[in-house]
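J.: Return atomic coordinates for the entry below.
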Amino acid sequence: MHRPAQRITRILACAAAVPVILVASGCSSGSGGDDDADGGKTPSGSSSASGAAPAKPTFGKLPQPCSTLSKKTLDDLAPEAKSGTTGKSDDTSLRGSCSWNSLDNNGVHGSQFRWLNVSLARFEPDASRGSADQLAGQYYGKQVAAAKATEGATNAHTQPVTGTGDEASAVSYDLKKKEGRFKQQTVVVRTHNVVVTVDYDGAGLAGEKTPDAGDLMKDAQQAAREAVAAVAEANPSSGGSSPSASHSSSSHGGSANHSDTSSSSSSSSKKKSSTHKTSH
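T.: Residues are numbered from 1 along each chain as shown. Below is the predicted model of the structure:
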């Protein structure tokens, strides 16, 4: 006897892993306090004790979060997501996020679930706390630590990521729930004064095969590279391109509308899913 699609959709209301960064009212789970909420922003004209104005940050703005990934990447990683959901932020010039929910219900054969989230945090210099890059570096460390300390995580593994931004780390772990075993991948990247956090969560439900964590991690790193490139593309005169910023700007041009899907898929993590609401 198989589960109806309605039940599968309902049980997923709380199924997805909690993201490392929650962009709402300028707060994040890895922020460590309100002093990070404004990205180190100071009133214009403020200066250091020596009288010198803080150095201008490399990146002065953020891209639209839901436009950071190409249509092809979204078709591969979250094929059943009809659109991205923009997270709330008190200041979109400093904080932003977008998430995609994808669930492919295959009836008696079970379902494949995917949840993808891209979060962006930009920092301004602060005369008393440090440069924009320094503040971003501190926040980067907190994001990695928060991912490693996720409650209930098992088989946790952390590894450096090369060729992406100025510093990058990937954290993978399992979360066992009554609906199935969820494979969580978090990639955190600092590119100058911006920190990009990508969370990618996959699970096989109701008898479907659990996705391969290695495949999910490759996909998460690809998404992180595209998001970092999107930051550079949003600041064409910054001169702050990173090793990952060679991503073609044309790939973002059509990403505003993510409702279209394609049948292309290059790994087991890049298939299946159907939209549902979650309480991230």
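
J.: which sections of the stretch 1-150 of the chain are below the confidence cut-off?
T.: Applying pLDDT under 70 to the stretch 1-150 of the chain picks out residues 1-53, 107-108.

J.: For it, which segments are assigned as strands?
T.: Applying DSSP state E, counting those that start in this stretch to the stretch 1-150 of the chain gives strands spanning 85-86, 95-105, 111-122.

J.: Give the pairing partners of the second one; include direction for each.
T.: Partners of strand 95-105 in the sheet, by DSSP bridges, are strand 85-86 (antiparallel), strand 111-122 (antiparallel).

J.: what's the shortest one in contact with?
T.: The list of residues contacting strand 85-86 from outside it, by Cβ atoms under 8 Å, 6 or more residues apart in numbering, reads 65-66, 96-101. For every residue, glycine as well, the C-beta is placed using N, CA and C.

J.: May I ask which two of those are separated the most?
T.: Greatest spatial distance among the contacts of strand 85-86 (Cβ to Cβ): Gly96 and Asn101, at 18.0 Å.

J.: Which one of the two is surrounded by more residues?
T.: For Gly96 and Asn101, the more surrounded residue by other Cβ atoms under 10 Å is Asn101, and the numbers stand at 26 against 23.

J.: Just name the most buried of the strands paired with strand 95-105.
T.: Highest mean neighbour count among these (mean count of other Cβ atoms under 10 Å): strand 111-122, with a mean of 28.

J.: C-alpha coordinates for it, CSV please?
T.: C-alpha atoms of strand 111-122 as CSV (Å, rounded to 0.1, in the frame of the first residue of the first chain):
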residue,chain,number,x,y,z
SER,A,111,10.2,10.1,-3.5
GLN,A,112,13.4,12.1,-3.9
PHE,A,113,13.7,15.3,-1.9
ARG,A,114,16.1,18.2,-2.4
TRP,A,115,16.4,21.5,-0.6
LEU,A,116,18.9,24.2,-1.8
ASN,A,117,19.7,27.5,-0.1
VAL,A,118,22.1,30.3,-1.0
SER,A,119,22.8,32.9,1.6
LEU,A,120,24.9,36.1,1.1
ALA,A,121,26.4,38.4,3.7
ARG,A,122,28.4,41.5,2.9
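
J.: tell me which residues of stretch 99-113 are tucked away?
T.: 99-106, 110-113 (16 or more other Cβ atoms under 10 Å).

J.: hmm, I was thinking of stretch 163-176
T.: Across stretch 163-176, burial judged by 16+ other Cβ under 10 Å covers 164-175.
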